[in-house]
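Enquirer: One predicted model, sequence on top.
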Amino acid sequence: MSSRRTARRGSQEPRVRLEPKRKYTDGGDAAELASAYGLSPDPWQEAVLDAWLGRDAADRYTATTCGLSVPRQNGKNGILEMRELYGMCANGEKILHTAHEVKTARKAFIRLCSFFDNARQYPELAAMVVQIRRTNGQEAIVLANGGSIEFSARSRGTARGFTVDVVVFDEAQELTDEQLEAMLPTLSAAPSGNRQFIYTGTPPGPNSPGEVFGRTRKAAIEGSDKRLAWHEWSVESIGDVADRDRWYATNPAMGIRISEEFTESELTSMSEDGFARERLGWWSSASANAVIGAAEWGALATDAPPSGGKRAFGVKFSPDGANMALSVALKPRDGTPYVELIEHRSMRDGVTWIADWLIERKADTAAVVVDGRSQADTLVTLLREGGMPKKAVVVAGTGGAIASSSRFLNAVREKKISHYGQPALDESVTSATKRPIGREGGWGWGGDDSTPVESATLAYWGVMTTKRNPGRKVRLL
């Protein structure tokens, strides 16, 4: 009996696994073909291929949408190459491979092209080639059996003129709804009649849109899409990022292509949440359930906020009374209403300073909308004692929270609101979730820290609904 220890390897089983039922699969054939050309799949890659290439009794793919979320450098590129190689060569599929950046799409082309332009090493693949197009931004491989693959960086016009069977979204955490909508027509007349979308990526970070990838994951977690295959290596919470057991649980290539030494260097150079996201596959609740995407909100930013118009303030206290947020909204006579975050801080200094600050501006203020049981009554009392007109002070309550949230979301969707692009407000808006409130199916904002977006929502609702108008041109603050 050998005394040698078996090297430790990362888990080949994902934490989240959703696979449509299948009658049979081409996964084994794809793995065998890839192995013949030096792409030997890991066990986890074989399992994912089985799901992606599963077929029903009518010989159609059981998974029309496929999603893979696994930390970087574990083999996402490899499994895409295996899927694309098999699709082109064995099935004659027409494939569109898209990436967030030109250089990423270019690298994918170069890797796959190496199998087809090496007649000495792979003569049978080289013999299938009709054309290899190397023009930057228009790379493509066309085969004699009708199969082909084209590579492109994503933009509004990326899919124009394409008609394909399979669309691959590499770096799916960067994919926006607008880009997806531009891609949908490419599959409307799929030549094979067997369509498939493939999303691969990592959990979206604070600066990634994550709209489509997060929504796809949400459907997988809820089990609401019966034609969706989803595989995810991840942790449920940030937890102890130095725990090596968690490294192996979330990185199937750990001990194969990823070393503990390399991971240690990552740990020392990243923040805890960054390491958890990039190396442990952690999805924050905000990433998975966000209502307003970063790209959607970012498109509403302005460098020239209005300087005059009707003004209202929104004050939101957190449920535990630990912090607060104060925002202002301005409705100009002509132009788009505007919101800005003024303060977001703890309540260690009490509530009097807020009242004093607002009272100083009472002559030019149309409304102050307040919400939050912990301190709302105290602030309202101080405002009225300080001479703020009674009709100018509004306590939102449940009804106001529901009405203001819906109105704010509609304004974003319809592009009828603007903001300055403040990081604290941006983060709060793009991480906000819908929180059920009331008994009639209403909702308000939720999330890790929704007080900034809630204060902006209250201010916007106040300025759009109040009948008061001090009747003079006012400055923003």
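Expert: Happy to help now that I have it.
Enquirer: Packing partners of the longest helix seen in the chain?
Expert: What stands out as the longest helix in the chain, according to DSSP state H, is helix 397-413. Contacts defined by 3 or more CB pairs under 8 Å, 6 or more residues apart in numbering; DSSP states H and E place helix 397-413 against strand 367-371, strand 433-437, strand 442-446, helix 451-465. Glycine gets a C-beta too; all of them are placed from N, C-alpha and C.
Enquirer: Let's see that with 10 Å instead.
Expert: helix 294-298, strand 367-371, strand 433-437, strand 442-446, helix 451-465 (3 or more CB pairs under 10 Å, 6 or more residues apart in numbering; DSSP states H and E).
Enquirer: Just want the angle from that helix to strand 433-437.
Expert: Following axes from the mean of the first three to the mean of the last three CA atoms, to 10 degrees, one obtains 150 degrees for the angle between helix 397-413 and strand 433-437.
Enquirer: I'd like the numbering to begin with 27 instead of 1 from here.
Expert: Renumbered: residue one is now 27, and that last one reads helix 423-439.
Enquirer: and the angle for helix 423-439 with strand 393-397?
Expert: Taking the same axes, to 10 degrees, one finds that helix 423-439 is oriented at 110 degrees with respect to strand 393-397.
Enquirer: Kindly reformat the helices and strands packed on helix 423-439 as CSV containing mean neighbour count.
Expert: Output for those, formatted as CSV (neighbours: other CB atoms under 10 Å):
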stretch, mean neighbour count
helix 320-324, 19
strand 393-397, 27
strand 459-463, 15
strand 468-472, 21
helix 477-491, 28
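Enquirer: Which among these is found nearest to residue 54?
Expert: Using CB to CB as the criterion, the shortest distance between residue 54 and those is 39.7 Å, found for helix 320-324.
Enquirer: for the closest one, the distance to its chain's centre please.
Expert: What separates the centre of helix 320-324 from the centre of its chain is 11 Å, taken as CA atoms, centre = their mean, to the nearest Å.
Enquirer: pLDDT averaged over it - what is it?
Expert: For helix 320-324, the per-residue pLDDT values average out at 90.
Enquirer: Give me the helices and strands touching the next helix or strand after that helix, please.
Expert: Beyond helix 320-324 on the C-terminal side, the first helix or strand identified by DSSP states H and E is strand 336-343. Counting contacts by 3+ CB pairs under 10 Å, 6+ apart, strand 336-343 is packed against strand 349-357, strand 364-372, helix 378-385, strand 393-397, helix 402-411, helix 477-491.
Enquirer: what about residue 446, distance to residue 317?
Expert: For residue 446, the distance to residue 317 (CB to CB, to the nearest Å) stands at 21 Å.
Enquirer: ok, now residue 135?
Expert: 36 Å.
Enquirer: more neighbours, these two?
Expert: A side-by-side neighbour count of residue 135 and residue 317, using other CB atoms under 10 Å, places residue 135 first with 24 against 20.
Enquirer: Mind listing residues that contact stretch 276-296?
Expert: For stretch 276-296, contacts defined as CB atoms under 10 Å, 6 or more residues apart in numbering pick out 33-41, 68-71, 73-74, 96-101, 104, 258-261, 267-268, 270, 273-274, 300-308.
Enquirer: Name the residues of it that come out as buried.
Expert: Residues of stretch 276-296 classed as buried under the neighbour-count rule (16 or more other CB atoms under 10 Å) are 276, 277, 278, 279, 280, 284, 289, 292.
Enquirer: Can you list the strands that the helix or strand containing residue 177 pairs with?
Expert: Using DSSP H and E, residue 177 maps to strand 174-179. Listed by DSSP bridges, the sheet partners of strand 174-179 and their directions read strand 120-125 (parallel), strand 166-169 (antiparallel).
Enquirer: quick one: that strand to chain centroid distance?
Expert: Distance of strand 174-179 from the chain centroid (CA atoms, centre = their mean) equals 23 Å.
Enquirer: neighbours of residue 229, just the number please.
Expert: Residues contacting residue 229 under the criterion other CB under 10 Å number 24.
Enquirer: Return the residues in contact with it.
Expert: By CB under 10 Å, 6+ apart, the contact list for residue 229 reads 95, 97, 199, 236, 239-240, 243, 258, 260, 302-304, 306-310, 313-314.
Enquirer: Model confidence at it, what's the number?
Expert: pLDDT recorded at residue 229 is 93.
Enquirer: Go over the secondary structure and confirm it is in a strand.
Expert: No: assessed by DSSP: H, G, I helix; E, B strand; the rest coil, residue 229 does not belong to a strand; its assignment is coil.
Enquirer: which SSE is the residue nearest to it when sequence neighbours are not counted in?
Expert: When the adjacent residues along the chain are set aside, residue 229 lies closest to residue 309, with 4.5 Å between them (CB to CB, 6 or more residues apart in numbering). Assessed by DSSP H and E, residue 309 sits outside every helix and strand.
Enquirer: By mean pLDDT, which helix or strand of the protein comes out lowest?
Expert: Comparing every helix and strand of the chain by mean pLDDT, DSSP states H and E singles out helix 311-315 as the least confident one, with a mean of 57.
Enquirer: For residue 493, find the nearest of the strands paired with strand 174-179.
Expert: With CB to CB as the criterion, residue 493 lies closest to strand 120-125 of those, at 50.5 Å.
Enquirer: What's the first helix or strand after that closest one?
Expert: Next along the chain after strand 120-125, taking DSSP H and E as the criterion, comes helix 128-139.
Enquirer: Show me how far that next one is from its chain's centre.
Expert: Remark: helix 128-139 is offset 24 Å from the chain centroid, using CA atoms, centre = their mean.
Enquirer: Next, the buried residues of it.
Expert: When burial is assessed from 16+ other CB under 10 Å, helix 128-139 yields the following buried residues: 128, 130, 131, 132, 134, 135, 138, 139.
Enquirer: which residues does residue 55 contact?
Expert: Counting by CB under 10 Å, 6+ apart, residue 55 touches 75, 79, 112, 116, 117.
Enquirer: where does the stretch 77-226 of the chain dip in pLDDT?
Expert: Counting by pLDDT under 70, the stretch 77-226 of the chain contains low-confidence residues at 182-188, 213-215.
Enquirer: Go again with 90.
Expert: For the stretch 77-226 of the chain, the stretches with pLDDT under 90 are 144, 161-164, 180-189, 201-220.
Enquirer: Downstream of the host helix or strand of residue 272, the next helix or strand is which one?
Expert: For residue 272, the enclosing helix or strand under DSSP H and E is helix 270-276. In the C-terminal direction, the helix or strand that comes right after helix 270-276 (DSSP H and E) is helix 286-295.
Enquirer: gap between stretch 72-82 and the chain center?
Expert: Stretch 72-82 sits 25 Å away from the centroid of its parent chain (CA atoms, centre = their mean).
Enquirer: which residue ranges form the helices in the stretch 127-276 of the chain?
Expert: With helices called from DSSP state H, counting those that start in this stretch, the stretch 127-276 of the chain shows them at 128-139, 149-152, 203-209, 237-248, 270-276.
Enquirer: want to try CSV for the ones you listed, with distance to residue 85 as columns?
Expert: Formatted as CSV, the entries for the helices of the stretch 127-276 of the chain read as follows, by distance: least, CB to CB, whole Å:
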stretch, distance to residue 85
helix 128-139, 26
helix 149-152, 25
helix 203-209, 25
helix 237-248, 25
helix 270-276, 36
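Enquirer: looking at these, which is closest to residue 323?
Expert: Across these, residue 323 has its closest neighbour in helix 237-248 (10.7 Å, CB to CB).
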